[in-house]
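Trainee: requesting a structural model of the entry that follows:
(chains A, B, C and D)
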4 protein chains.
Amino acid sequence: MNAYRSSIVRIPVPGSASPLEVGGGSFVLIAGPCSVDRPETFYECAESLKAQGAHALRGAIFKMRTKPDSFQGLGREGLELLAEARRRTGLPVVTEVVDPRHLEELDPVVDVYQVGARNMYNYELLKELGLSKKPVLLKRGFTAYLDEWAHAAEYLLRAGNSNVILCERGIRGFDPHTRNVLDLASVPVIRARTGLPVIVDPSHGTGRKDLVDPMSIAALAAGADGLLIEVHPRPEEALSDADQALTPGEFAALRRKIGRVRTALHAEEDLA
Amino acid sequence: MNAYRSSIVRIPVPGSASPLEVGGGSFVLIAGPCSVDRPETFYECAESLKAQGAHALRGAIFKMRTKPDSFQGLGREGLELLAEARRRTGLPVVTEVVDPRHLEELDPVVDVYQVGARNMYNYELLKELGLSKKPVLLKRGFTAYLDEWAHAAEYLLRAGNSNVILCERGIRGFDPHTRNVLDLASVPVIRARTGLPVIVDPSHGTGRKDLVDPMSIAALAAGADGLLIEVHPRPEEALSDADQALTPGEFAALRRKIGRVRTALHAEEDLA
Amino acid sequence: MNAYRSSIVRIPVPGSASPLEVGGGSFVLIAGPCSVDRPETFYECAESLKAQGAHALRGAIFKMRTKPDSFQGLGREGLELLAEARRRTGLPVVTEVVDPRHLEELDPVVDVYQVGARNMYNYELLKELGLSKKPVLLKRGFTAYLDEWAHAAEYLLRAGNSNVILCERGIRGFDPHTRNVLDLASVPVIRARTGLPVIVDPSHGTGRKDLVDPMSIAALAAGADGLLIEVHPRPEEALSDADQALTPGEFAALRRKIGRVRTALHAEEDLA
Amino acid sequence: MNAYRSSIVRIPVPGSASPLEVGGGSFVLIAGPCSVDRPETFYECAESLKAQGAHALRGAIFKMRTKPDSFQGLGREGLELLAEARRRTGLPVVTEVVDPRHLEELDPVVDVYQVGARNMYNYELLKELGLSKKPVLLKRGFTAYLDEWAHAAEYLLRAGNSNVILCERGIRGFDPHTRNVLDLASVPVIRARTGLPVIVDPSHGTGRKDLVDPMSIAALAAGADGLLIEVHPRPEEALSDADQALTPGEFAALRRKIGRVRTALHAEEDLA
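Mentor: This is a model prediction of the structure:
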């Protein structure tokens, strides 16, 4: 599998001299609620994720929602919540950006900009993010060709930002049993194509909490450099995507299993 | 088919008191090159389209291109070309908008804002266009559910802009013979669902010049309120989408056939 | 459109010296219930279709049903019903064949063998039908590439049967509003590719009675050589596909509209 | 994962009192060439697979090929090759059946009947196989809904054959980098839905030899009960699917890695 090894993206860790490395053999766990809603719930989630070994905290304050009357995120009011969770835990913060005009405000509290599936083709946004030096997590569009995804990454790279992490999050399928079709074979293919680290979002990729565990391990086995997972202290209270969030306890069990399987996979590589 | 009749969107016609009506029984022909490149070629195209009976002129100056090194459109330099073509022909101008920050500049020369397939999910752009009163041509996303398309239109409607025209432009398919799968059954379905007029883009919908004629008539037969067609005086010189553009002469032949078929379809309706 | 003109398949008409020609400029209407159930209903349907100008009668006695406990057709008991309807109306009979072992029994009462979407890849069945000289109506598989469809036709042609009619019946899509995505651009493409006549099934292609009329006219406009339409005297009593069947009266109205549009399309061709 | 545990299908092993168990916690490796061609190559492949720990031998003598002029398999002449490889190795033989009329001849040399993706909807074949008691390996159709796949299995089960193994082999996608989209989330879902064991075919599922290793481990991680893998002593000489076959040595390395990851996964389960 060495042929597929990617570049390394370094995410600064608040209050630490050692950055979080994505790519190059590590396996990062970025976790958190789909959207940031109540302050205390978010802090509780962040602190339990820190305790359970998550490497970075995700939480959207600007949401892309299909329906205009769905909860659209806290918006600017959420900035202080992200900053506070970051202070309390020391975890780098990953949050979605949906408009180039938001970058200035987001800059002080964001460690990684996430570009969602709906914005993979939003080249004006990508050009603007390319002028930043902050890491960008670029999700694959709903039915993006791998070449289109690679070209979207090039919009960032050519504008000068080489800190690009790709994220497979499932492609649109026809079967109603899962929210999307998680295309794990895309992981080694797009990494070989771009040389960039690739993580997987099994939460949106399946839309089903009971599938997050098996597909997380499958993503690891397929060679992913990490996971983006929805975790919520009480999923039933979440304002979006309640059906697909793990509890912190389930996240911890998954993390232990990942550790064991990584050891087994690496043992094999050493022998090879 | 009366059950499916839509609302009417009125596009102001430069120098005329009578607007161009889209929906409600008319059939509009919006034509022009994929992208505006050389001034004289564009004016020539605009003038021959006017002579051949086109109702509005399309031409992109801000292009969405998959690859960052493809021709991205003339950008601001193209504004004057659009304005001049509009002055010479009196045709309303339809052009793509890709960034909310471009609206102010585009406003003086644009009669209809086009939102391309890649931006159907760009809700920040839609919210901004919803604050305008100008008609918006909203293309269906590459694999948008009809409900997602309807919800994208609601972002415009709820922000206060009721001048929304939908455009079916083909969905992503698996067969390499056509660029997309033109989903003509979507036309009556989305119109019944939204009450908005629906036009069809057979040029992007097939990617093949030889299929533009049959699929244009098929779109009319399926109940479309008009067409968005690529026309170029010398398609082989076009900087984008050369394979799918008609010549003005081919456009004129298509327009005559459309007239004949419309008469046949209306005769039937009168008897019913 | 002459470039696309196909070969002509001749279907013998019971008690007549003139065969029914499919391809070469004609437009055939093959109609009938999805499955043959009650004798009197079937004869009533056949007779009203004859009166309304249908050219051939469809009716399955061996059905392909997804669930093993769905109505599977009358089977052998239906043979006499097909024969009797044929005697009463003089219409050629089109019926589905699902097993090479059924051919001997079907032979005396069948004028055209239909191969359904589920059997397009059933090459053993195709090889057997290739040894017959009877016309075969070969439907496109659920997500067949156009090349696969052409290759399936070659199984028939190479075995010696050149009487092949293709039928576009919609491909599997992701949107729940229609049963399938009717891919009308496939009509001119597959005809140019194979030289065979191509008809369209708007009933299965949409699954919605209200879309059969617009998509039938659209199929004609796209250049189809005919239609395969579900008609039932009382659709609400049908044992399968009740939602997509026209009544004989609706079929008659559609036939008149088709006549008018064909005249308009041919007038254009004469001028060209 | 216990909630997902399936029934157990027992495959008789030639010359042994202990059957091969599929489902219930085991992980079976069925391997062999796509099609049986030269006798000595096939025997060599079978013997090296036996030596490397494969549990059953696959090899088609009746092939389903898209083009009528592609190699269609040895047909009846291959029966003796299957029988001889079985005698030499003691491995149960899995071979594809494409026509109900072939069952009588295949019966003496076949331990598991494979139904390919193209025949998942061939209900007449399924009904006939349902009358047998031999295990049936039922592949998912090219774009079969999970419900359709489950219903196809019911055709076997209701006819009296409960020895059904399902096989995910990828669904048709739009991206040209892989032959199919291997839908690993289908594994836990279809097993919970049917209670049947589910194996995965990473060779057809990706069409790329370099993806067989990562997707095999991913299939194990997703909960599959085994793999169906193409192996050929000299892939470049294979008459079909040369690009996706492993060598016996690569198969052996994969088997060792699988063993290690299974241990890691089971350790986790014991703790849970």
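Trainee: ok, the residue nearest to A:K63 when sequence neighbours are not counted - contacts?
Mentor: Spatial nearest neighbour of A:K63, chain neighbours left out: A:G73 (3.8 Å); criterion: Cβ to Cβ, 6 or more residues apart in numbering or on different chains. All C-beta spots, glycine's among them, are computed from the backbone N, C-alpha and C. Neighbouring residues of A:G73 by Cβ atoms under 8 Å, 6 or more residues apart in numbering or on different chains: A:S35, A:V36, A:A60, A:I61, A:F62, A:K63.
Trainee: closest one of those to chain C?
Mentor: The nearest member of the contacts of A:G73 to chain C, counting by Cβ to the nearest Cβ, is A:K63 at 22.9 Å.
Trainee: what's the distance between the closest one and A:P14?
Mentor: 24 Å (Cβ to Cβ, to the nearest Å).
Trainee: of those two, who's got more company?
Mentor: Using other Cβ atoms under 10 Å in any protein chain shown as the criterion, A:K63 and A:P14 rank with A:K63 on top: 21 against 13.
Trainee: where's the more buried one, which helix or strand?
Mentor: If you go by DSSP states H and E, A:K63 is not part of any helix or strand.
Trainee: surely it is in contact with A:G78?
Mentor: No - applying Cβ atoms under 8 Å, one finds A:K63 not in contact with A:G78, separated by 9.9 Å.
Trainee: local confidence estimate at the closest residue to A:L246 other than its chain neighbours?
Mentor: Of all residues not flanking A:L246 in the chain, A:V231 sits nearest, at 5.1 Å (Cβ to Cβ, 6+ apart). A:V231 is assigned 96 on the pLDDT scale.
Trainee: contacting residues for A:V231?
Mentor: So A:V231 contacts A:A31, A:G32, A:P33, A:C45, A:L49, A:A54, A:A245, A:L246, A:T247, A:P248, A:E250, A:F251 (Cβ under 8 Å, 6+ apart).
Trainee: quick one: which of the residues you listed is nearest chain B?
Mentor: Out of those, the member with the shortest distance to chain B (by Cβ to the nearest Cβ) is A:P33, at 20.4 Å.
Trainee: what's the neighbour count on the closest one?
Mentor: Neighbours around A:P33, by other Cβ under 10 Å: 27.
Trainee: try the one 5 residues further on
Mentor: When neighbours are defined as other Cβ under 10 Å, A:R38 has 14 of them.
Trainee: again with A:S132
Mentor: Around A:S132 there are 19 residues (other Cβ under 10 Å).
Trainee: residues contacting the spatially closest residue to it that is not a sequence neighbour?
Mentor: Take A:S132 and drop its neighbours on the chain: the residue closest to it by Cβ to Cβ, 6+ apart is A:N161, 6.0 Å away. Contact partners of A:N161, counting by Cβ under 8 Å, 6+ apart, are A:L129, A:G130, A:L131, A:S132, A:K133, A:K134, A:V136.
Trainee: what does chain A put close to chain C?
Mentor: With Cβ under 8 Å from any Cβ of the partner chain as the criterion, chain A meets chain C at residues A:R172, A:G173, A:F174.
Trainee: closest one to A:A185 out of those, please.
Mentor: Closest approach to A:A185 among the residues of chain A next to chain C (Cβ to Cβ): A:G173, at 14.3 Å.
Trainee: chain C versus the residue nearest the centre of chain A, what's the distance?
Mentor: Nearest residue to the geometric centre of chain A (Cα atoms, centre = their mean): A:L228, 3.7 Å. Distance, A:L228 to chain C, by Cβ to the nearest Cβ, to the nearest Å: 24 Å.
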